[in-house]
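> Just a sequence and a predicted model for now, questions to come.
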Amino acid sequence: MDDLSRFKQTYFDESAELLAVAEAGLLRLSPGDVDMDEVNAIFRAVHSIKGGGGAFGFSDLVAFSHEFETVMDEVRNSAIPVTTELVDTLIRANDVLAQMLAYAGEGVDAPPGATDDTVAALRHALAASGGGGTASAAPQTPPPATSAVNDDEDDEAGIFGDAMAAINAARDSEAPSPPPADRVRWTIVFRPKSDLLLSGNEPAYMLRALRRLGDAEIVCHLDDLPKLADLDAELLHLSWTITLTADAEVGRERIDDVFEFVADECDIQITADAPLPAVIAPPPKRDAPPNTPPALSESALVPPGATAAKTDGTAKPRGAGTNGGPGTNGGSGGGEHAGLTTHTIRVDLDKIDRLVNMVGEMVITQAMIAEHLRDVPPGQFQELQEGLEQLAQHTRELRESVMSIRAQPVSSVFSRMPRLVRECAALTGKEVQLATSGENTEVDKTVVENLVDPLTHMIRNSIDHGLESPDERERMGKPRAGTVHLSAQHRSGRIVIEVTDDGRGINRAKVLSKAIEKGLVQPGASMTDEEIDHLIFLPGFSTADQVSNLSGRGVGMDVVRRNISSLGGRIGVYSTPGEGSRFVLSLPLTLAVLDGMVISVGEERFVLPLTNIVESLRPKPADLHGLVNKCDVIMARGEYVRLVHLHRLFGIPKAIDDATKGLVVLVETEDGSRLGLVVDEVLGQQQVVIKSLESNFRRLDGVAAATILGDGRVALILDVAGLREMSRHSGDSASGGGRSPAPALPAPKSESRQRQTV
Amino acid sequence: MGMTLIKWNEEAGRVRLALPSDLDLPMAQPLLDSLRAAFAVSADVTVHADAVERVSAACVQALVVAARDSAARGALFAVAAPSESFADACDDLGLQGWLKQWSQA
């Protein structure tokens, strides 16, 4: 049982990850903004949970996920419009699925009716769509869990490496051969659902497996094929009728085995045409109850026909016969198990996070002690000082080790890219080689997970806009195939990921004229090449003259930059005309600590993420300009920036109100707009451990999280974008109309906010 | 890492598509796109399957649909020099008759 429970545990762990994927996708799903990739990801997540659940015989779970999946399928086919109500229903369904998994995990049945409401809501959604385009997906009773696997057989499964293969192999090899007899002719009607291929199943292999069982005559039905214009490349519209003449010892279960993993993804009818010989005769061995109803609840699959029913009957005694096995196999399995688990263990993420948290506390305590000792006159308590130095060193190492537990190699993201490159190449008619390096570079799990979207987009961008067509490349003396190089490496405590192409480079004249046309740059502005290149990261910027298949998703490099910034990273581009472009991403290795600047306002301390800070300055009276309603702006580097007095925003007493007497920290939000924060003092840079404010207190506007400083004080980590929102709504420094941030005000000297926005 | 792609060759109004070695599921969309594009510019399309080593049902399906479509429109379509793997896959899928009808050596 140990081995089996290990597989089950893996299934539950993976299901939890899939649930999270589905939930994240659902939360992003909103009417009018449906990302089909997202929808597909949700569908596949639910589908995978269902598939695994079937293998373990969690029938309630399978039944429910089938309902869920059916609706997702219709969403995927755009047969159901995405409404807020639908999204709510789907999110609820995801929660219910999580509950069903929890019940299955505890080995208890779900309370009766636990899913009724949600199933009703899901069916209502289907009905509301008017049946949808693909009628076959209409609500139906789900096929029972493939079922072939009952608990006894699961025992067998454990000793092999992979649960699925093991279950299969066990069932294959354990079947004792009945006395040979006449050959049997089977008729198998195999009608896959259209999405069979998407779950990685290949009918050609199944049919080939059938052919191995005997003489097979396979007829492919082409009636349901759509027209060329209507065909969806990855949906299957073929079905088959197979006439299999096999030795009688090839039992029904061997045929079932072929379809075992697709049983709920297709309609299968299996009938035996010739009378069956003595197969029924062998009396059930051992303690198997003589008339055990077939555990293979095949009622849905078996067509009316007495002979078929009889073959069914034979299956069970054999299955029961194998029940003797577990004793012996279980023993050897245990030994193997011990050998297998030495190298890696799977640890609950919560445990690691708790550890990370504790180490964080320790770092803080250590910093506090160091702070106290700073007041001790030099030369005194020498040994204590040295000991503390060592403690600091060990603490740092401990923190790094703990953080590295959460680290994962970026290969999990890189490995998705070859397929993407291939698809993009095919779509654009370009020839592309993808080279990768540094796949084993490790970075925090959360960072890895959030890298997929930006990298996908950057690679698309490189192929679509960067690389020339093969003919054009040939004319320029380049190899016909362009190269996109994806690399990762650690550099000064951050991970640096580069996407380099050997294409045409950024067309600066075009970028500049586009920026002027869109009002992002004043005509006649003098800009360096680098500044022009960075214009592509501005919101709403796109150089594509025509919306191509690839970039038609309304996502620009600005979104990439925003995603990267939200991870505390930065992105830059370096381009040489005719030779190519290089996009450089730099990201923190973890999201648990943050490089911040500690500032003071009155008695309070705040931390500003270093990535938001542009510079700090002490303005002269002449730099400050009051606008209507007492809004203050500051002229900083040729541009008007709105001032935000933190003490007014947060109601902090005894703070400096006059910006010329304090300091202004110029910060930049992820979309490139700037604010000037009026603070008393900038105290210094510090790496701080991030503490969630939401889980410890509650969410506050303008605050991203909290931390504990070396002196033990709690300091809030400011959320610059949130501050901008707050200042817009509050009376303080609301600009004239209050509709847009200060940078929208044109500066007199034409050089507007494009300067170094990255 | 080399990419195996569908090669397009247009000559005297005829389009020849050379299939890559790997016709797996991810290739189905590119193949379908190529077939659509081919029939958009030509009424005489030949698909060369001599290099094919792995085939998914999705890609065979796309070819079957293309063949039916060409027949309905009176266009010419052929699968040239099918490799052994390709022929085996058609056998497995019960499409040996189809292949016989549409292939040319």
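Here it is on my side, so go on.

> For the residue sitting nearest the centre point of chain B, give me its contacts.
Residue closest to the average C-alpha location in chain B (CA atoms, centre = their mean): B:Val47, at 4.4 Å. Residues in contact with B:Val47 (CB atoms under 8 Å, 6 or more residues apart in numbering or on different chains) are B:Arg16, B:Leu17, B:Leu19, B:Leu35, B:Leu63, B:Ala66, B:Phe77, B:Ala78, B:Val79, B:Ala80. Bear in mind the C-beta positions are built from the backbone N, C-alpha and C, glycine included.

> between the residues you listed, which is closest to chain A?
Of all the contacts of B:Val47, B:Ala66 has the smallest distance to chain A: 5.7 Å, by CB to the nearest CB.

> can you tell me the helix or strand for the closest residue to that closest one other than its chain neighbours?
Of all residues not flanking B:Ala66 in the chain, B:Leu35 sits nearest, at 4.5 Å (CB to CB, 6 or more residues apart in numbering or on different chains). Applying DSSP states H and E as the criterion places B:Leu35 in helix B:25-41.

> Following the chain past that helix, name the next helix or strand.
Moving toward the C-terminus from helix B:25-41, the next helix or strand (DSSP H and E) is strand B:44-48.

> related to what we said a few turns ago, any idea of the angle the helix holding B:Leu35 forms with strand B:44-48?
160 degrees (axes from the mean of the first three to the mean of the last three CA atoms, to 10 degrees).

> Give me the below-cutoff pLDDT ranges for chain B.
Scanning chain B with the threshold set as pLDDT under 70 gives B:1-4, B:105.

> near chain A, which residues of it show up?
Residues of chain B found near chain A (CB under 8 Å from any CB of the partner chain) are B:1-3, B:5-6, B:8, B:25-36, B:39, B:55-58, B:60-62, B:64-66, B:68-69, B:89, B:91-95, B:98.

> Filter those residues down to the buried ones.
Among the residues of chain B next to chain A, the ones that count as buried by 16 or more other CB atoms under 10 Å in any protein chain shown are B:3, B:5-6, B:25-35, B:39, B:55-58, B:60-62, B:64-66, B:68-69, B:89, B:91-95, B:98.

> Any idea how many residues pack against the closest residue to chain B within the stretch 301-450 of chain A?
In the stretch 301-450 of chain A, the residue found nearest to chain B is A:Ala426; the distance is 3.2 Å by CB to the nearest CB. Residues near A:Ala426, counting by other CB atoms under 10 Å in any protein chain shown, number 20.

> for it, what are its contacts?
Going by CB under 8 Å, 6+ apart, A:Ala426 touches B:Leu5, B:Ile6, B:Gln29, B:Pro30, B:Asp33, B:Ser34.

> how does it look with 10 Å?
A:Val432, B:Met3, B:Leu5, B:Ile6, B:Pro26, B:Met27, B:Gln29, B:Pro30, B:Leu31, B:Asp33, B:Ser34 (CB atoms under 10 Å, 6 or more residues apart in numbering or on different chains).

> Counting by contacts, list what the helix holding B:Leu35 packs against.
helix A:417-428, strand B:7-11, strand B:14-18, strand B:44-48, helix B:57-73, strand B:76-80 (3 or more CB pairs under 10 Å, 6 or more residues apart in numbering or on different chains; DSSP states H and E).
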